[in-house]
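Enquirer: Okay, structure incoming, though there's no sequence with it:
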């Protein structure tokens, strides 16, 4: 005559209906497969599970908050490394009250391409102001691989952060010039950059010191000759021409662009983090804008974990489902065990 009810297991959404697997499915569909919630709503409906998009949005928002400690821990681990990549891309954000959007930015920070950590952390900010990069990096010291955007420059003044340029950006100036008018100057520059990248393909799997030695022996003479040639060509072309702009971009940043030659731990370009931006560009074409600053920050948290899981060879769904299942009872002091580069599925030895 007594009703006994088994206690409900701890859940990432307290007293919520969705299982960890369902919530993980929604987040992966939205942030890895680029399906906005207004498309997921009819998809679930056709399967016999009518879930309003407002409910889906609430689940995503709640999980973004619950996962934030993992992202903060991931950021701490990333900032322990001496070489970082940084990049940023625009994302439209809805302004409160008037229904219009303005340009916000999603910043990305990843450990260096040759570091032992496979991870990226996204930071959603209201603007492209350099203060956002300085706030993220804090008192970090090391070498930052980035493009020529002025927002990073202030951070180099203290001397704690060393700038490493992106040779792909330098090459792109001549590539665009060659596409536009078949410039012989651009063609020659592209040939020399091609030789540098051929050397990089040969040394990418070597130890840092071996890489540095080969760069000194083979890459340094190539770049010295290229710099001398560029300087001579710059004296021959008009000051306001497209050719002069391509030459000036390289000559004015030559020290940063060639810093990789003296440090085997540095990559030749910033493509490592730019490739982490490609999924964002794909998703942006579907979900169009962030609903608010808070929504953008929660999305950045979820995307940080999904992309880092991918970088470590994990299935994002399997990773998130397991993490969301374990997170409610996981010790805060052991939160790093749930990070993508250290994660092992419950009861398993690997993912």
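Expert: Cool, got the structure. In this text, all values refer to a predicted model and were calculated from it rather than measured experimentally.
Enquirer: what about the strands in the protein?
Expert: Secondary structure of the chain (DSSP state E): strands located at 83-94, 101-111, 120-125, 142-145, 161-164, 289-290.
Enquirer: Quick one: closest of the ones you listed to residue 274.
Expert: Ranking these by proximity to residue 274 (Cβ to Cβ) places strand 83-94 first, at 5.6 Å. Any C-beta I mention is one placed from the backbone N, CA and C, and that applies to glycine too.
Enquirer: partners of the closest one, with directions?
Expert: Strand 83-94 pairs in its sheet with strand 101-111 (antiparallel), strand 142-145 (parallel), strand 289-290 (parallel), by DSSP bridges.
Enquirer: Turn the ones you listed into CSV, including distance to residue 304 and mean pLDDT.
Expert: Compiled in CSV, those are given as follows (distance: least, Cβ to Cβ, whole Å; pLDDT from 0 to 100):
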stretch, distance to residue 304, mean pLDDT
strand 101-111, 9, 91
strand 142-145, 18, 96
strand 289-290, 15, 70
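Enquirer: With distance to residue 42 and mean neighbour count added, can I get those strands in JSON lines?
Expert: Listed next are those as JSON lines, based on distance: least, Cβ to Cβ, whole Å; neighbours: other Cβ atoms under 10 Å:
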{"stretch": "strand 101-111", "distance to residue 42": "25", "mean neighbour count": "20"}
{"stretch": "strand 142-145", "distance to residue 42": "43", "mean neighbour count": "22"}
{"stretch": "strand 289-290", "distance to residue 42": "21", "mean neighbour count": "20"}
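Enquirer: these two touch, right, residue 282 and residue 33?
Expert: No. In this structure, residue 282 is not within contact of residue 33 by Cβ atoms under 8 Å, at 9.6 Å.
Enquirer: Looking at the two now, which is surrounded by more residues?
Expert: Neighbours were counted for residue 282 and for residue 33 using other Cβ atoms under 10 Å; residue 33 has more, 15 against 12.
Enquirer: For residue 345, which of the strands of the chain is the nearest?
Expert: strand 120-125 (21.7 Å).
Enquirer: List the contacts of the nearest residue to residue 69 once chain neighbours are set aside.
Expert: Among residues not flanking residue 69 along the chain, residue 335 sits closest, at 5.7 Å (Cβ to Cβ, 6 or more residues apart in numbering). Applying Cβ atoms under 8 Å, 6 or more residues apart in numbering, we find residue 335 in contact with 69-70, 73.
Enquirer: and those residues, which of them are in helices?
Expert: Those of the contacts of residue 335 mapping onto helices are 69-70, 73, per DSSP state H.
Enquirer: What is the burial count for residue 82?
Expert: So residue 82, with other Cβ under 10 Å, has 15 neighbours.
Enquirer: excluding its backbone neighbours, what's nearest it?
Expert: residue 142 (4.0 Å).
Enquirer: what's near enough to touch the one you found?
Expert: Contacts of residue 142 (Cβ under 8 Å, 6+ apart): 81-84, 161-162.
Enquirer: what about 10 Å?
Expert: Applying Cβ atoms under 10 Å, 6 or more residues apart in numbering to residue 142 gives the contacts 79-84, 112, 160-162, 164, 265.
Enquirer: Name the member of the ones in helices among the contacts of residue 335 with the most neighbours.
Expert: residue 70 (21 neighbours).
Enquirer: Now do the same for that one: its pLDDT.
Expert: We note a pLDDT of 95 for residue 70 in this prediction.
Enquirer: Of all the strands paired with strand 83-94, which one is nearest residue 315?
Expert: That would be, of those and by Cβ to Cβ, strand 101-111, which comes in at 20.5 Å.
Enquirer: Same list as before, the contacts of residue 335 that is, but in JSON lines and with distance to residue 227 included.
Expert: Below are the contacts of residue 335 laid out as JSON lines (distance: Cβ to Cβ, whole Å):
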{"residue": "69", "distance to residue 227": "48"}
{"residue": "70", "distance to residue 227": "45"}
{"residue": "73", "distance to residue 227": "43"}
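Enquirer: between those, which is nearest residue 24?
Expert: Once Cβ to Cβ is applied, the member of the contacts of residue 335 that ends up nearest residue 24 is residue 70, at 13.7 Å.
Enquirer: Would you mind confirming that the closest one makes contact with residue 326?
Expert: No. The pair formed by residue 70 and residue 326 falls short of the contact definition of Cβ atoms under 10 Å, at 11.1 Å.
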